[in-house]
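Fold the following and give me the result.
(one chain, ligands or ions: 1)
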Amino acid sequence: MKYIFVTGGVVSSLGKGLAAASIGALLEHRGLKTLMQKFDPYLNVDPGTMSPYQHGEVYVLDDGAETDLDLGHYERFTSGVLSRMNNLTSGQVFDAVIKKERKGEYLGKTVQFIPHVTDEIKSRLHKVTDDNPEVDVLITEIGGTVGDMEGLLFIEALRQFALEVGKDNVCFIHVTLLPYIKAAGEIKTKPTQQSVAKLRELGIQPDIIICRTEADLDEDNRRKIAMFCNVEKKNVVAFRDVAHTIYECPLDLRRDKIDRLVVDKIGLGHTPSPALDDWEHFVRRVIHPKNKVNIAVAGKYIELQDAYKSIYESLIHAGAHHDTKVNIVRVEAEAIEDHGAKAVIGDVDGILVPGGFGDRGIEGKILAAQYARENNIPYFGICLGMQIATIEFARNVCKLRGANSTEFDKHTPFPIISLQEEQKGVEDMGATMRLGSCESVLFAGTRASDLYGGAERIHERHRHRYEFNSEFQEKLQDAGLVISSVSEKEGLVEIVELPNHPFFLGAQFHPEFQSKPNHPHPLFAGFVKAALDRAQAQ
Ligand code: GLN
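Predicted structure coming up:
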């Protein structure tokens, strides 16, 4: 196996994850089998418990791992199947070391950062290598910024690892910032020089430097960076701000032949240069769509760029599929409580209520679902959004006053959504989350079944604690709610929908984790199509 390590310098938020994912996409187009992973230096064992304000979206994998959102980029840009082995945090590393120490596995030695912690990090690289013999290139992104104290052990582990597997099998890529100083009208290379110097101090000479830049990178600056950072000029690659969409990133990086540079470095230079027709076609459709729809996303962390990342991306994929620009109207659910649904989302073509935890904004979301149902506006509820749609239906169609989820009202007379243990009268099951992929049965003749192309079984990823309460199933069905999918094992409700509505569907799972640029998720595709039909009819 060959290895690419992507580090970052100067500042965070440089698009390091996108750069790594883009390289993955380009290498895959060369016919190479790639696998991507992320090392995060923070001490949390995983981002599952972090607030969206800290971390943006928690991205869930098939195996139920709660991971960094960069893994979402990896899965959207490449076809490699990721597992919990592909996201390593300092928290996991230290946890493993301490557990071994307690078990006496270090045979009485003094347990130290070097070699024990660095060995633990390297062991993950070896394990992923051993578990994936078919993979040609493993791409590992190191979170954080070079020079941060918390990243030092990872950098040291990579330095040792490169020696062990042979430097010719490893390509170090450093992503830095070239700030543009307006008053001077100049790009500045000093921060890049200093960041590379820092990396070299730690024993790593980058092979390629990716320079994030607003403007283009001229020959003079390339020469300067090459000279002071000790790399060849051709290995200084510009990574420009893309004009329209992140899916332009691989195309931009290819302008400076990043894939060629990488494969030459690791001895895979015989692979053909990629045709990117499918990718270019997708990007064209994103940039020059024929149609336009306005879709409201009514959530709780709406002001954050990254809190609903995968949902926004899925809407872009579905939009491109229908040659449509999806204009996302970000709506604070609480604003609907204050001003009413008509005032806030009266003129959109579709309403999406995403997943969430906690009761802030709940009533606003319920008003949004009601408004969509009563006014024939396409509605798509995801996880919490499905629960919201069900509660709204129970309250306003079945007239179950005070219906709610026990997450928000422990004493509701009608616990339409509740914990499984509450439903079974079992205590102390620990209220664990349903996490990861799960097989569900789809019922023929439903809209969901149509959208999935008549499939009988689907596999979708979950991340929630509360479930549709089977006690109320019959009552809601009698009133017209259709249950179109249940989980294979426990018969838990997975999809609800309303017939006689242009599109009203709620999914207990997270379809947004399985949508890809040229393969939009069928539920997103169906939702955007319904919104488009509405927009065109008006
Ligand atoms: N809070 C809800 C639950 O735990 C929904 C979770 C979600 O939307 N991801 O069931």
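
Quick check: next helix or strand after the lowest-mean-pLDDT helix or strand in the chain?
Taking mean pLDDT, DSSP states H and E as the measure, the chain has helix 420-424 as its least confident helix or strand, at a mean of 68. Moving toward the C-terminus from helix 420-424, the next helix or strand (DSSP states H and E) is strand 434-442.

so how far is that following strand from its chain's centroid?
Counting by Cα atoms, centre = their mean, to the nearest Å, strand 434-442 is centred 19 Å from the centre of its parent chain.

what's it packed up against?
Applying 3 or more Cβ pairs under 8 Å, 6 or more residues apart in numbering; DSSP states H and E, one finds that strand 434-442 contacts strand 457-464, strand 482-487, strand 493-497. Using the backbone N, CA and C atoms, a C-beta is placed for each residue, glycine as well.

at 10 Å what do you get?
Applying 3 or more Cβ pairs under 10 Å, 6 or more residues apart in numbering; DSSP states H and E, one finds that strand 434-442 contacts strand 59-60, helix 447-451, strand 457-464, strand 482-487, strand 493-497.

Just checking, which helix or strand succeeds the helix or strand harbouring Lys198 along the chain?
If you go by DSSP H and E, Lys198 is part of helix 190-201. Per DSSP H and E, the first helix or strand lying C-terminal to helix 190-201 is strand 208-213.

Could you list the buried residues of the helix or strand following that following strand?
Remark: after strand 208-213, the chain's next helix or strand is helix 219-229, criterion DSSP H and E. Going by neighbour count (16 or more other Cβ atoms under 10 Å), the buried part of helix 219-229 is 221-222, 224-226, 229.

what's the answer for stretch 150-163, then?
Buried residues in stretch 150-163 (16+ other Cβ under 10 Å): 151-162.

Against Val297, how distant is Ala368?
10 Å (Cβ to Cβ, to the nearest Å).

Need the overlap of contacts for the two.
Taking Cβ atoms under 10 Å, 6 or more residues apart in numbering as the contact rule, Ala368 and Val297 both touch 331, 333, 345, 348, 351-353, 385.

Mind checking which of the residues you listed are in strands?
331, 351-353 (DSSP state E).

Lowest-confidence entry in those residues?
Across those, the bottom pLDDT score, 94, is held by Val331.

And for that residue, the neighbour number?
By other Cβ atoms under 10 Å, 24 other residues sit near Val331.

Same check on Leu435?
Around Leu435 there are 18 residues (other Cβ under 10 Å).

Once you drop chain neighbours, what's closest to it?
Gly64 (3.6 Å; Cβ to Cβ, 6 or more residues apart in numbering).

Shouldn't the one you found be within a strand?
No: judged by DSSP: H, G, I helix; E, B strand; the rest coil, Gly64 forms no part of a strand; its state is coil.

Next up, the contacts around it.
Residues in contact with Gly64 (Cβ under 10 Å, 6+ apart) are 48, 83-84, 433-438, 461-463.

Nearest the middle, which residue of the chain would you pick?
Gly72 (2.9 Å; Cα atoms, centre = their mean).

Tell me the predicted confidence for it.
pLDDT, Gly72: 95.

wait, it sits on Gly17?
Yes: with contact defined as Cβ atoms under 10 Å, Gly72 reaches Gly17; the gap is 8.8 Å.

how many neighbours does Glu303 have?
Neighbours around Glu303, by other Cβ under 10 Å: 10.

Hmm, I typed the wrong one, I wanted Tyr371.
Neighbour count of Tyr371, defined by other Cβ under 10 Å: 23.

likewise the one 3 residues further on?
Neighbour count of Glu374, defined by other Cβ under 10 Å: 12.

again with Leu251
With other Cβ under 10 Å as criterion, Leu251 counts 16.

cool, Leu107 as well?
By other Cβ under 10 Å, 5 other residues sit near Leu107.

Against Lys127, how distant is it?
Taken as Cβ to Cβ, the span from Leu107 to Lys127 is 21 Å.

contacting residues for Ala25?
34, 73-74, 76-79, 247, 249-251, 253-254, 259, 274, 276, 279, 517.

isn't there a helix covering it?
Yes: counting by three-state DSSP, Ala25 is located in a helix.

how near is it to Phe503?
The gap separating Ala25 from Phe503 is 32 Å, by Cβ to Cβ.

do the same with Thr78
Distance from Thr78 to Phe503, by Cβ to Cβ: 31 Å.

Tell me the pLDDT of Asp68.
According to the prediction, Asp68 has pLDDT 88.

Excluding residues flanking it in the chain, which one is nearest it?
That would be Lys38: by Cβ to Cβ, 6+ apart, it lies 5.3 Å from Asp68.

now swap in Arg222 and tell me
Closest residue to Arg222 apart from its sequence neighbours, by Cβ to Cβ, 6+ apart: Val236 at 4.6 Å.

Could you do Pro206 as well?
His174 (3.9 Å).

wait, is that neighbour part of a helix?
No: counting by three-state DSSP, His174 is not found in a helix; it is strand.

Now do the contacts for it.
5-10, 16, 146, 192, 195-196, 198-200, 204-211, 229, 231.

which one of Ala368 and Val297 has more residues nearby?
Neighbour count, other Cβ under 10 Å: between Ala368 and Val297, Ala368 has more, with 31 against 24.

Let me know the pLDDT of Gly425.
On the pLDDT scale, Gly425 gets 58.

could I get stretch 378-385 in CSV with only the CA atoms?
Taking C-alpha atoms only, stretch 378-385 is exported to CSV below (Å, rounded to 0.1, in the frame of the first residue of the first chain):
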residue,chain,number,x,y,z
PRO,A,378,-43.8,19.1,-0.4
TYR,A,379,-42.5,18.1,3.1
PHE,A,380,-39.5,16.0,3.9
GLY,A,381,-38.8,15.1,7.5
ILE,A,382,-35.6,13.6,8.5
CYS,A,383,-35.2,11.7,11.8
LEU,A,384,-36.6,14.4,14.2
GLY,A,385,-38.4,15.8,11.1
